[in-house]
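In: I would like the atomic coordinates for the input below:
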Amino acid sequence: MLPKIDVPIYDLILPLSKKNIKFRPFLVKEEKILLMAVESQDDNAINLAIKQILNNCCITEINIDDLPILDLEFFFLNLRARSIGELIELQYKCNNIIPEKEEDDKTCGNQVKLSFNALEVTPEIEDNHSNKIQLTDKLGLMMKYPSFTLSEKIKGLDEIEGIIKIIVSCVDYIYDDETLYYSKDISEKEMIEFIDSLTREQFTKVQEFFETIPKLKKDLKFICGKCKYEETLILEGIQSFFV
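Out: Below is the predicted model of the structure:
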C-alpha cells in the first residue's frame, strides 16, 4: 500500500456567521473539478464546483448550503490562496477610447496584467449596516443573511416574486415587546402577508438591510502602459477573483 501524503490544516473564522472552521488545501482532484467548470464558462457548473470543493476540503462539520454568500466566498478565496498561492494574477483589456485611431474599434485594446494578494482581501462592512430592523417602537425584524442555496432557489422567478422570496427566507424572527415569532414556526403564506402589510417606509428599511450586506470586494488600480489611461477596477463576487 502506498504511503499517504500529509497536508497542512488551516484555521479560518468566517466573517458573518463567526464560525471557526478547519480546512485542508484542495488537491489535484479538486483542481481538476474547478478547471473543468471554468472551461465550461457556465455559472451553474462553476457554483456547483465551488460547493463540491468546499465540502471536500472542509474538515469542520458545517452545511455549506446554509452559509451566507459572503462566508462562502471568503472561505473559497482563502482556500484558493492556501492551495494554489496567495498571489492572484488577472489580465484586463484597456477600453479607453482613442479618437484618432483609424480602425472601427477605437478602444486602446492594450492587455494589462494586474495582481493582488488574496489573503489581503477583507469583507467591506458599512457603518450603517445592521441585521436588526426596527419597524415601529414595539415591532421589528431580526434578519439572516442570504445563503448560496437561496440564490439558486430564486432563479426563474420574476423580479417582484424573487424579492419577496428572498425577504421571507431571510427573516430569522419577528419580535415585539413580549414575544419572538420565529420564521420556522410561521407558514410562508403568513410571512408573505406580513411583508405585504408593511408601509413604504418600513419596506425601505428592509431594502436597506440587503443593499448594505457586507461584500467581498477589492479595488485595483488600473494603469495602461500604452495610453496611460487610469481607472479603479472593482472586483466583486467570487468569480471575479479566480476566473
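In: so which residues of this structure form strands?
Out: Along the chain, counting by DSSP state E, strands occupy 10-13, 20-23, 87-93, 111-117, 123-124, 132-134, 140-143, 171-175, 180-182, 215-223, 230-236.
In: specify the stretch among these that is closest to residue 4.
Out: When the strands of the chain are compared by CB to CB, strand 20-23 sits nearest residue 4, at 17.8 Å. No exception for glycine: its C-beta is placed from N, CA and C like everyone else's.
In: what's that closest one in contact with?
Out: By CB atoms under 8 Å, 6 or more residues apart in numbering, the residues outside strand 20-23 that reach it are 9-14, 57-60, 62, 75, 79, 82.
In: lowest average pLDDT across the strands of the chain?
Out: In terms of average pLDDT, strand 123-124 trails the rest of the strands of the chain, at a mean of 84.
In: how close does residue 129 sit to residue 213?
Out: 7 Å (CB to CB, to the nearest Å).
In: which one's more surrounded, those two?
Out: Using other CB atoms under 10 Å, the more surrounded residue of residue 129 and residue 213 is residue 213, with 20 against 13.
In: residue contacts, that one?
Out: With CB under 8 Å, 6+ apart, residue 213 has these contacts: 70, 129, 145, 146.
In: so what's residue 49 up against?
Out: 33, 34, 36, 37, 38.
In: if we go to 10 Å?
Out: 30, 32, 33, 34, 35, 36, 37, 38, 40, 42 (CB atoms under 10 Å, 6 or more residues apart in numbering).
In: and it, how far is that from residue 38?
Out: 8 Å.
In: can you check residue 207 too?
Out: In terms of CB to CB, residue 207 sits 34 Å off from residue 38.
In: which of these two has more neighbours?
Out: Shown here are residue 207 and residue 38; by other CB under 10 Å, residue 38 has more neighbours (15 against 11).
In: just checking, that one touches residue 53?
Out: No. Look at residue 38 against residue 53 with CB atoms under 10 Å: they stay out of range, at 11.9 Å.
In: in terms of residue numbering, what are the domains of this protein?
Out: Here the domain parsing of the chain from automatic domain parsing is 10-86, 90-121+216-242, 132-211.
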